[in-house]
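1. pasting a predicted model and its sequence here:
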Amino acid sequence: MSKKISSIIVTGATSMIGSAIVAEALEQNKKVAAVVRKNSPQICNLTNLKNNHHLEMIECALEDYASLKFNSEYDAFIHTAWKNTNVDSRDNVHSQIDNIRYTIDAVHAAESAGCDVFIDAGSQAEYGRVADSQRLSGNTPCNPESGYGIAKFTAGKMAFLETAKFGLRFCHTRILSVYGEGMSDQSLIMGLIKSLQANGKPSLTKCEQIWDYMYVRDTARAFLAIAEKGVNGKTYPIGSGTAKPLREYVEIIRGIINPAAELGFGEKDYYPHQPMILCADTAELFKDTGFKPLVNFEDGIKIMMNCMKKDL
């Protein structure tokens, strides 16, 4: 049963997605507790929000979530915090197992804060490589190959068991590909933008992947819609529901920044466990919550570029 959400807790609140959820929730006049690491290098993502009287900043490392406490009660808990997400550390088995435990610690923190719903941020890595062109739904069979994907899948299953003990509504998400303000410099899109701005020739894979990108503020709106109306026990893939070859996205960015630039397609190899087809089946998300993305890829890149100019 859906319930109006007026207050939320967000872990990983300085990350690209976490900070977007915080910003979107504040725009919707919700009270927000943003859980951040002490001295987080990404704290700048929340700089413009710090003076909002609806925002409470709570410093707590992932390792200390078992003792995480709040000064008041909240309606929903959105858990996006995760350590070792970059490609080089995704198969660090010990760290990924730690992340499962931290997720369960977050469930206990949600219960102690009086939350009614717990939403965790899973990943497309849980699916593994999909052989055909099927859209990815909550019921698509999962065969994760990376330690990261295995841990995300396991954390979601364990969190569902633990939330049931407390009577919390639980929804798992599987995020496909998100872009927007706060992206890592190591991401494909940000690396491409910086190379084109410097009149360079970006080195790329063949970019044959069929990809589904969604703007980060749309991603935030999806999380908040699930928090209010998501069905208990369901898994929702988070994507735009439309996909095209990665090469086309790259060419759109070139057209915006430097139309004459040369692109180095095929100069890099695909990384291990590279999925070649990612497109979200958003039918259940729309049916249950009414959510639809508002920003297309080209407009999202333009918004992102304007934000970068303002920061400079």
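-> Okay, I see it.

2. and residue 258, what are its phi and psi?
-> phi -160, psi 80 (degrees, to the nearest 10).

3. what residues are up against it?
-> Residue 258 makes contact with 196-197, 199 under the criterion C-beta atoms under 8 Å, 6 or more residues apart in numbering. Just so you know, the C-beta spots here come from the backbone N, C-alpha and C atoms, and that holds for glycine as well.

4. closest one of those residues to residue 259?
-> Ranked by distance to residue 259 (C-beta to C-beta), the contacts of residue 258 are led by residue 196 at 9.6 Å.

5. can you report how many residues lie near that closest one?
-> Neighbourhood size, residue 196 [other C-beta atoms under 10 Å]: 20.

6. ok, so what distance separates it from residue 188?
-> 12 Å (C-beta to C-beta, to the nearest Å).

7. elements contacting whichever strand or helix holds residue 284?
-> Secondary-structure element containing residue 284, defined by DSSP states H and E: helix 283-289. Counting contacts by 3 or more C-beta pairs under 8 Å, 6 or more residues apart in numbering; DSSP states H and E, helix 283-289 packs against helix 216-229, strand 235-238.

8. okay, these in CSV with mean pLDDT and distance to residue 98 next?
-> What follows is the helices and strands packed on helix 283-289, written out as CSV (pLDDT from 0 to 100; distance: least, C-beta to C-beta, whole Å):
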stretch, mean pLDDT, distance to residue 98
helix 216-229, 97, 23
strand 235-238, 98, 23
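
9. comparing those, which comes out most buried?
-> Neighbour counts (mean count of other C-beta atoms under 10 Å) averaged over each of these peak at strand 235-238, with a mean of 26.

10. end to end, how far does stretch 244-263 reach?
-> Start-to-end span of stretch 244-263 (C-alpha to C-alpha, to the nearest Å) is 18 Å.

11. list the buried ones in that stretch?
-> Under the neighbour-count criterion of 16 or more other C-beta atoms under 10 Å, stretch 244-263 has 246-247, 249-250, 253-254, 257-258, 261, 263 buried.

12. what about that stretch, distance to the chain center?
-> Taking the mean of its C-alpha atoms, stretch 244-263 sits 24 Å from the chain's own mean (C-alpha atoms, centre = their mean, to the nearest Å).

13. give me the mean pLDDT for that stretch.
-> The average of the pLDDT scores along stretch 244-263 is 95.

14. give the other helices and strands that the one helix or strand residue 189 maps to contacts.
-> Using DSSP H and E, the element containing residue 189 is helix 188-197. Contact analysis of helix 188-197 by 3+ C-beta pairs under 8 Å, 6+ apart lists helix 246-257, helix 297-311 as its packing neighbours.

15. closest to residue 67 out of those?
-> Closest to residue 67 of the helices and strands packed on helix 188-197 is helix 297-311 (C-beta to C-beta; 35.1 Å).

16. before we move on, the earlier item: including pLDDT and distance to residue 19, could the contacts of residue 258 go into JSON lines?
-> Below are the contacts of residue 258 laid out as JSON lines (pLDDT from 0 to 100; distance: C-beta to C-beta, whole Å):
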{"residue": "196", "pLDDT": "94", "distance to residue 19": "25"}
{"residue": "197", "pLDDT": "92", "distance to residue 19": "23"}
{"residue": "199", "pLDDT": "93", "distance to residue 19": "30"}
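
17. what's the closest of those residues to residue 48?
-> Residue 48 lies nearest to residue 197 out of those, by C-beta to C-beta, at 23.1 Å.
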